[in-house]
Every structure is written in C-alpha cells, then in structure tokens.
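Colleague: coordinates for the following, if possible.
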Amino acid sequence: MTKFIFVTGGVASSLGKGLTASSLGRLLKSRGLRVTMCKLDPYINVDPGTMNPFEHGEVFVTDDGGETDLDIGHYERFIDESLTRDSNATTGSIYSSVIAKERRGDYLGKTVQVIPHITDEIKERILRQDDGNVDVVITEVGGTVGDIESLPFLEAIRQVRKEVGRGNVCYVHLTLVPHIGPGGELKTKPTQHSVTELRGRGIQPDVIVCRSDQPLLPDVKRKISMLCDVPIEGVVSALDARSIYAIPLALHEEGLDRYVCELIGFDPDQHPADLTAWRNLVDRAMSPTRKVTIGIIGKYVNLADAYMSVVEALRHAGIRHRADVEIHWVQAEEVGDVLTHDGLSLLDGMVIPGGFGSRGIEGKIAAAGYARRHDVPCLGLCLGLHTMLVEFARSVAGLDGAHSTEIDPDTSFPVIDLMSSQRDVTDKGGTMRLGAYKANLLPGSQVATLYGDTVVSERHRHRFEVNPRFRSRLEEAGLVCSGTSPDDTLVEFIELPGHPFWVATQAHPELKSRPDRPHPLFDGLVSAALSRAEGRAPHILDPDTVPAPGPHGDPDTVPAPGPHGDPGGTDG
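Modeller: Model (predicted):
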C-alpha cells in the first residue's frame, strides 16, 4: 500500500517547507524506498508560467513541458527523480478543471461546491501520484495554516486519511520557534497556536519540525510535545544550515526518517539509511579548498529565487571541484557603469541567464562582448544565447544593428526571430517550445567533449530561435553552431573556438543539474573559471569522467497569456 506524507507550515511563510519535504524524500530514498513528490499551491494562477519572477521566483520546467513552482526543482535535486506537470497543482488549475467538468455536464446538473467537488479534484491530483511504482508520495501544501486560500487543500488532505486509511498517512507540520527577549528564551507559543489552528481543521500533526536558530533543549521539546499532543520523538529541531544539502543529515540526526517510517508502517531496521554518498557530498560542499567568483548578469538580481536553479547548478559544479563558488550579482541595466569601472574584470566567469522583455538586454549584450574580448568564461542560457549571438553578429560578423525581433521587430538583421511556421499562428501558446528536446552535437566540439556524447536532451522554455538565414554568415565569421535539432533546422548550442569557454545553449540545462551529478555545461564553466582564477591553462575534462546529465517576466512587458500558458511569446 502506498503511503502519503503531507507537509504543512505555520507561523510564517518561507520557513522552508519545500526543503524540509525534499530532505525527508532524500532520507526515505536512502532507505531504499521509492519516493515521488508534489506541490499544492493556493494561488489562483493556473500555473506560474506567466508570473513575474519577483512574485514567485523562477519557473521550473519539467521534461513534459510543465511550468511549475520552483519547489519542484528542489524535489528533483534532492530525490533525483524527474517529475512531471502533474507534480504541481494550483487553485487556478483545480478550479479550471472543475468548471470545465461543470460545463460539460459531468456533474449531471448538481450544484457545484467547494465540498465535495473542489476537494475531490484536489484529492484526485494527490492520488494520481500513486502510479503503482512508488512507496511514498510526499505532498507539500503551500502557504500557511490559517490562510483563507489554503482551506480547501487542508480539508482535502484531511479526507485523504479517511480514504486510504489512518496508518497510511503522516502529517508533518513545520513551525517557527523564535528566540525572543533579553533572556534568550525560545518561545513555543507561536507553534502552539499554529498547531491549534491546524487541529481546528481536523488535522492532528504526527510530526512537528521546529525551525530555530538554536537547538531545542529537551525541556522545550517536552513542552511542545505535551501542549501539542505529539510524542516527543515527533518534535524535531531544524536549525539553520550552512548548506541546504546538509539539512537531510541534520534531520536524520534528529531521528525524523526513522520516526516517520515507524508511523507509516516501514520497519526502519529493515530499511536502514545509507547516507555515505550524501555525507561525502556535504563534506565537499562544507569544506572547499578553492574559490571562484561567478557573475550572474540578470535583471531580477534583487530576488535570488528568480535564478534558483542557475545558482544551485553552479554550486553543484563547485562541490565537484571542491570550490567555493561566490555569486556576484550584476544588474543587467547597470552593466555600462560596471564596465566603466572595469568591474567585470573581477569575475572569473559569468552566466547570462534567461529573462523576459527588453529591459537590461543591451547590458547583457555588453557583458557578452566583454567576456568574448577578455577571455572570461561565459555560459549563456536561452535569452543568454540570443544576447551572445547578437553581440557576435554586431561586433564580428559585420551585421551592424543586428538584434532579436522580440526586442526590435524592425531590425535590418533579425539574427533571432520566429520561425516562418510560427509567424501566422494566432494561438501563440502553440508556438512555445516547452519541455525536453533532443539535440545533435558536433563531434569534437567543446560541448560534445563536455557531455561525452553527441546526442543530448535538454529542457526548453522559449519561442524565438536563431534565424537560419544568418547561420552561414555567422559561421563564416568564426562562430560554431555546435548543436542543432535532429533535423538540423534549429541551432541549440553555439561556441567560440580558441576561447577558454564562450558557450551558450537555447535550453535551460540548469534544470537538470544534481548536487551529486553537476550538469556538464556548468561543470565546464566552473572548471574554466577556476583555471582563470588560478592562472592555469583552461582544462577540458576527460569525457569519461564527466557524468551524464539527468534524463521570467518584466512586470511592464509581460502580456496576457495565450490559451496554453504562453506568456505572449516572450523568451524564457
């Protein structure tokens, strides 16, 4: 029988429900259990695909083209499983489905209500995760207990217990235990109130995970245990960690996974935890012997969550090289001022990530040019490829004024453009490239060497492409189109021979990076950046040692979504 674990939060938002759920998933998987995860988000948007990154961080894309919450990225990185569009459900998607059923007459003329129709739809999304090939489904409920919009989700997870049986469900509640007052006392009252609110919705937590900046002393644990009616073994201290990848180990030391196994019917002694590899990973992350500075040239740099997967992919590569990767945030709109003061010279490498709209584009182009001229290792992602190619077209290929028609529809040299098959499509959602696409890599190219293969698959989120009309002109000027679609019509990767690392991809490879298996492109960038930092010749890793890869919006420019969630054709 599949077991269901529900993770809720109280007291305050952003306590780390996603990381707690992910860490528990990692621990259960280390015990040989098959784990999958999903997220229930109370906001009314159908999905985060059209949301400004300042609102909710990055949009994480799954292999099947789902535009999901960034917590899905945490899930994938921790449990090392590729999830799907069904792994994220929002209030908007739930209501859209129920309304569509009502319009079709599926409810046979009955009055459609929150209970049972909305809650039934939520339960269906949860139970759908049980495909017969998993032992445990972990579901995180977004928001905070007490929020009006969370009520239907709490009612639904309460009902799941009745449907699948009490012994097959575990409720984990994450709360804050603040350190207040001159006496330095940890206050349990917020946790008590949060649990009272949860119990008022018919849910008695089995485990309370307490976030704090100090360890919970035994007396504090006993107090929470007594007043919240949870066994003391179920009161878990979750201290702030130096690395998010140390969280599973900390929770394991608190006995969380053993206790949860006992609750849902798995003998922890028959399923011992093997955390050897994870401990080695955390050791490398916590004790770097080298340092490298990587600049992220972005337009949402005031919110690091907007580039969550990029940052984590850089950290993964840093772990592999036992290097402390220091992120230097560079506001794309201010690159001109940075260049005036030669600020980019402080970087050992840079990433030019994706984004929406025209704001900051010229700054990204200028940064790409600086990296090209000064041999600074540079990795372009999606829109980053566009800006790097535009810079090369203008400065090297002699195409003055070259641009993307997304930014300048009247440019004389539209080196980035819609494909002809897309021009007359009124349903712009149908022109969006979302999800995993294969690419053929040029044998002997830098990217092929890094991947150790000539056929790869990466996730996409964009609509504009490299214009094939200019491909030969760019290649004659020295650019190498080192990866293309299987039919050779779409450019997927570019690189510059003779440069330590000037590589870009139309895809978002950061989405497939793992802490114990860094993505080859990020691994190559960090390797080249370390060579620059340490004054050595650039080193391309032996392909036999490179692990294979695992199988946002300007508020003033993001238009209304198309029928399939296309944010109006802006580039991801």
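Colleague: in a strand, Thr175, correct?
Modeller: Yes - counting by DSSP: H, G, I helix; E, B strand; the rest coil, Thr175 is part of a strand.
Colleague: contacts for the helix or strand hosting Asp337 next, please.
Modeller: Asp337 is part of helix 335-340 when elements are defined by DSSP states H and E. Here helix 335-340 makes contact (CB atoms under 8 Å, 6 or more residues apart in numbering) with Ile297, Val330, Leu344, Gly360, Glu362, Gly363, Lys364, Ala366, Ala367, Tyr370. Backbone N, C-alpha and C define where each C-beta goes, glycine included.
Colleague: ok, and the closest non-adjacent residue to the spatially most central residue of the chain?
Modeller: In the chain, the centroid-proximal residue (CA atoms, centre = their mean) is Gly73; its distance is 3.3 Å. Using CB to CB, 6 or more residues apart in numbering and skipping residues adjacent in sequence, the residue nearest Gly73 is Phe60, 4.2 Å away.
Colleague: would you confirm that that neighbour contacts Ser82?
Modeller: No - in this structure, Phe60 is not within contact of Ser82 by CB atoms under 8 Å, at 11.6 Å.
Colleague: looking at these two, which is more packed in?
Modeller: Using other CB atoms under 10 Å, the more surrounded residue of Phe60 and Ser82 is Phe60, with 27 against 16.
Colleague: beta partners of that one?
Modeller: Counting by DSSP bridges, Phe60 forms beta bridges with Thr68.
Colleague: can you pull the contacts of it?
Modeller: The contact partners of Phe60, by CB under 8 Å, 6+ apart, come to Glu67, Thr68, Asp69, Leu70, Asp71, Ile72, Gly73, Glu76, Met308, Ser309, Leu511.
Colleague: now, of those residues, which are buried?
Modeller: Neighbour counting with 16 or more other CB atoms under 10 Å marks Glu67, Thr68, Asp69, Leu70, Asp71, Ile72, Gly73, Glu76, Met308, Ser309, Leu511 as buried within the contacts of Phe60.
Colleague: looking at the residues you listed, which are in strands?
Modeller: Counting by DSSP state E, the part of the buried ones among the contacts of Phe60 found in strands is Glu67, Thr68.
Colleague: can you put the buried ones among the contacts of Phe60 in a markdown table and add pLDDT?
Modeller: Output for these, formatted as a markdown table (pLDDT from 0 to 100):
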| residue | pLDDT |
| --- | --- |
| Glu67 | 95 |
| Thr68 | 96 |
| Asp69 | 94 |
| Leu70 | 95 |
| Asp71 | 95 |
| Ile72 | 97 |
| Gly73 | 97 |
| Glu76 | 98 |
| Met308 | 96 |
| Ser309 | 97 |
| Leu511 | 98 |
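Colleague: out of the buried ones among the contacts of Phe60, who's nearest Leu216?
Modeller: Using CB to CB, Asp71 comes nearest to Leu216 of the buried ones among the contacts of Phe60, at 25.2 Å.
Colleague: distance check, that closest one against Cys382.
Modeller: Going from Asp71 to Cys382 by CB to CB, to the nearest Å gives 21 Å.
Colleague: please apply the same query to Leu418.
Modeller: 15 Å.
Colleague: out of these two, which sits in the busier spot?
Modeller: Cys382 (24 against 20).
Colleague: what pLDDT does the more buried one get?
Modeller: On pLDDT, Cys382 comes in at 96.
Colleague: what residues are up against the closest residue to Phe392 other than its chain neighbours?
Modeller: Distances taken as CB to CB, 6+ apart put Leu479 closest to Phe392, at 5.5 Å, once the chain neighbours are dropped. With contact set as CB under 8 Å, 6+ apart, Leu479 has these partners: Leu389, Phe392, Val396, Ala397, Ile494, Glu495, Leu496.
Colleague: do you know how far the residue located most distally from the centre of the chain is from Glu102?
Modeller: Distance from the C-alpha centroid of the chain peaks at Gly109, with 41.4 Å (CA atoms, centre = their mean). Applying CB to CB, the value for Gly109 to Glu102 is 9 Å.
Colleague: same check, this time on Gly265
Modeller: Distance, Gly265 to Glu102, using CB to CB: 39 Å.
Colleague: of those two, which one has the most company?
Modeller: A side-by-side neighbour count of Gly265 and Glu102, using other CB under 10 Å, places Glu102 first with 15 against 12.
Colleague: report the secondary structure state of the more buried one.
Modeller: The local conformation at Glu102, judged by three-state DSSP, is helix.
Colleague: I'd say it and Val112 touch.
Modeller: Yes - Glu102 lies in contact with Val112 (CB under 8 Å); the separation is 5.0 Å.
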